[in-house]
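Colleague: got a predicted structure here, sequence first:
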Amino acid sequence: MPPLKSSKIQRWIDLLAALLRRRFPASFDELARDVPGYTAGQTPDARRRMFERDKDELRAFGVPIETIPSADGDAPGYRLKADAFYLPYLAVRSPTGSRSRKRDPYGYRSLPTLTFEPDELAAVADAAARVRQLGDPLLAEQAESAVRKLACDLAVDPAGDTRLLPASASPAPEVLVTLDRALQQRKRVTFRYRTMSSDSTGDRTVEPFGLFFLNQHWYLAARAPGEDLVKNFRLGRMAEVDLNQTRPGTPDYEIPAGFSLREHARSRQAWELGAGDAIEATVTFRARTGSAAAAYRLGEMVQGRPEQRRFRVRRADPFVRWLLSFGGDVVPIAPRELVDEYDGLVRETLAHHAAPPS
Amino acid sequence: MTAADQLRRILLLIPRLADGKPHSLEQVARLAGVDRATVLGDIESISERFEVPGGFVEGLQIFIEADDVSVVPNHFLRPMRLTRSELLALELGLSMLKGERPAEEHHAIDGAITRLRQAMARLPDQEIADDFRVASVSTSADLNHLRRLREAFRGRRKVRLTYRKPSEEESSTRVICPYGIVFAGGMWYAVAHCEGSAGMRIFRLDRVEDVETLDARFQSPRGFSLDSVLQGDKALHAPGAGTLRVRYSPRIARWIAEREGKPLDEDGSLVLEHALADPDWAVRHVLQYGPDIVVLDPPEVREAVRRRLEAMMP
């Protein structure tokens, strides 16, 4: 009789079924009797290694297989509890109570029922729709997969009332996929990067700390090997992104415990960026046009002077250019050097626009 | 395609097919979000064995006919719980919504996170570590205004909008029919039919001062699509607008070119045309670039910029 054909997916399904049909821990030898892939013409060591690999991969996939040590020194047992593996029954609360659909004919009645409030379910549907708009194929796939599971019991319909438009310079999907793998495995990446300030392109090697989507762009927060400063790289400016293939399975670096991607990725105005000390700039609002009113909300209150607002500025140039866009409705009054820079920019711009275009 | 991808689909499909009745392969493919060939490959991968046709695990039988598949399982009757990656993807979206929605909606978002975490597969006492991805959009708009406009859009209700134009000191009110709400270029916008001006208008939400939902309802025009007012995939275009033609200097042109997806000219500068619905917008747009922009057309905008700068001289 020829050996049974046994693909990995077949072994996985067999192993899961062998675990789920038991209420108590089972040893490898017991499980192997139900998994043809572990009995087909191999050495005992090879079968055991195959089982260990399968078990680890299923755990990495998210299957909560428990290892139960034996009390008498025998081989350990393995267990997969049905209620830890199967999705609870899902229901949504309605004015007449919650509706659950325990309709399968075979049982599984020990599974709990998880009841969503209607607005919670609506938020989940909208969240999945928002994730799909971010342009990351892995994220979209994970969100979609989650929604398909929930949709077994519930109608997960997004309101579709808002739309997020992607930036025109969106990263290629394969860039996001490679960086995602690098982060999962903590491997260094190399890429070509276009630096806009110097208009140059060069090679970079970095240790990725996280990916963040801010407004309409994806960024990689990463550190060069041996350096402390975490820099941001816009994914749309990357090319030839490669994962370090040496020593696969061994992390190249660790992300410091104190690093918070959420804090690092906090939205800031252009004049708030930079490593320099911040100065306090005071501006006065001479008009309350729609655009000036929106700018007013960005500043902090100046006691007793409602027409003034205070801003913390690290980079003067983008700040005075921003003020210039209000056409004199919003002007700086302190400190002196900032006022001088603004006045100089007004003079230079007028001289530029006074001449006919060439 | 990885074995994990296949496992994910198979564990999702079996409960949907578990009634023992035939299901069309087309329908099964739709459920799995893949094409017919992929789903056929998935099913065959768990049903083809030498000597053991049509099933292998106790009680699991799979029958494939020309266009139908039926499954009689004894396991996998429920989908698998959410994986950590699936949970984190939804949590990312929920965290974005939390930043976009007013505080009174946060309770539902937090509740959704709690519920989803209860649906995740994990070993006893296993912690859910933070993800390495975050996402947000700026929210200079009043979140309550955004919420009321969303609700009006969903209910197809008209809205009385109090709005202050960028160049005007006094706000004005108008009745609008919100056809859509869009985040683009770092701002939220309502795309709406304005009854007063009898045309399509675009309102930046950080300039909205009040939103009053009215009892009156509206119907979107037949065949209306937000895409008809979106220029490409990024900018908002007001129908009937003129054209502002400008040249950006080589000092700043590469940033603009990247943002707009346009190639630079040979000298490193960039000439662009913008929709021009509001001359005051054009003046402000030009001023923000200081001496790094030239107005090529129309001359009246060039003159307006010059006059405004003269008035700003210290």
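Modeller: Looks like it came in fine. Residues are numbered from 1 along each chain as shown, chains lettered A, B, ... in the order given.
Colleague: can you map out the strands along the stretch 201-350 of chain A?
Modeller: Taking DSSP state E, counting those that start in this stretch to define them, one finds strands in the stretch 201-350 of chain A at A:217-223, A:230-234, A:238-243, A:279-285, A:300-301, A:308-313, A:330-334.
Colleague: for the stretch 201-314 of chain B, same thing?
Modeller: Under DSSP E, counting those that start in this stretch, the stretch 201-314 of chain B gives strands at B:208-217, B:230-231, B:235-236, B:242-248, B:270-276, B:293-297.
Colleague: can I get those in JSON lines with distance to A:Gln308, mean pLDDT and mean neighbour count?
Modeller: Backbone N, C-alpha and C define where each C-beta goes, glycine included. Supplementary listing: the strands of the stretch 201-314 of chain B in JSON lines, determined by distance: least, Cβ to Cβ, whole Å; pLDDT from 0 to 100; neighbours: other Cβ atoms under 10 Å in any protein chain shown:
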{"stretch": "strand B:208-217", "distance to A:Gln308": "21", "mean pLDDT": "95", "mean neighbour count": "15"}
{"stretch": "strand B:230-231", "distance to A:Gln308": "38", "mean pLDDT": "64", "mean neighbour count": "16"}
{"stretch": "strand B:235-236", "distance to A:Gln308": "33", "mean pLDDT": "54", "mean neighbour count": "18"}
{"stretch": "strand B:242-248", "distance to A:Gln308": "33", "mean pLDDT": "92", "mean neighbour count": "18"}
{"stretch": "strand B:270-276", "distance to A:Gln308": "33", "mean pLDDT": "90", "mean neighbour count": "17"}
{"stretch": "strand B:293-297", "distance to A:Gln308": "29", "mean pLDDT": "93", "mean neighbour count": "20"}
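Colleague: could you dump those to CSV with distance to A:Tyr78?
Modeller: Below are the strands of the stretch 201-314 of chain B laid out as CSV (distance: least, Cβ to Cβ, whole Å):
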stretch, distance to A:Tyr78
strand B:208-217, 58
strand B:230-231, 54
strand B:235-236, 57
strand B:242-248, 65
strand B:270-276, 63
strand B:293-297, 68
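Colleague: who wins for proximity to chain A among these?
Modeller: strand B:293-297 (4.7 Å; Cβ to the nearest Cβ).
Colleague: now the stretch 101-250 of chain B, which segments are flagged as low pLDDT?
Modeller: B:130, B:230-241 (pLDDT under 70).
Colleague: mind doing that once more with 80?
Modeller: B:124-131, B:138-141, B:166-167, B:185-186, B:227-241 (pLDDT under 80).
Colleague: residues in the stretch 201-350 of chain A within reach of chain B, list them.
Modeller: Within the stretch 201-350 of chain A, the positions near chain B by Cβ under 8 Å from any Cβ of the partner chain are A:208-216, A:236-237, A:255, A:261-262, A:265, A:267, A:287-291, A:293-294, A:297-298, A:321-322, A:324-328, A:331, A:343, A:345-350.
Colleague: out of these, which sit inside helices?
Modeller: A:261-262, A:290-291, A:293-294, A:321-322, A:324, A:343, A:345-350 (DSSP state H).
Colleague: and these, which are buried?
Modeller: A:261, A:290-291, A:293-294, A:321-322, A:324, A:343, A:345-346, A:349-350 (16 or more other Cβ atoms under 10 Å in any protein chain shown).
Colleague: same list (these) but as TSV, adding distance to A:Asp83 and pLDDT.
Modeller: What follows is those, written out as TSV (distance: Cβ to Cβ, whole Å; pLDDT from 0 to 100):
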residue	distance to A:Asp83	pLDDT
A:Leu261	33	90
A:Gly290	57	82
A:Ser291	57	84
A:Ala293	56	86
A:Ala294	52	84
A:Arg321	60	93
A:Trp322	57	93
A:Leu324	64	95
A:Asp343	71	96
A:Leu345	67	95
A:Val346	70	95
A:Thr349	69	94
A:Leu350	74	94
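Colleague: for those, which one is nearest B:Leu287?
Modeller: A:Leu324 (5.0 Å; Cβ to Cβ).
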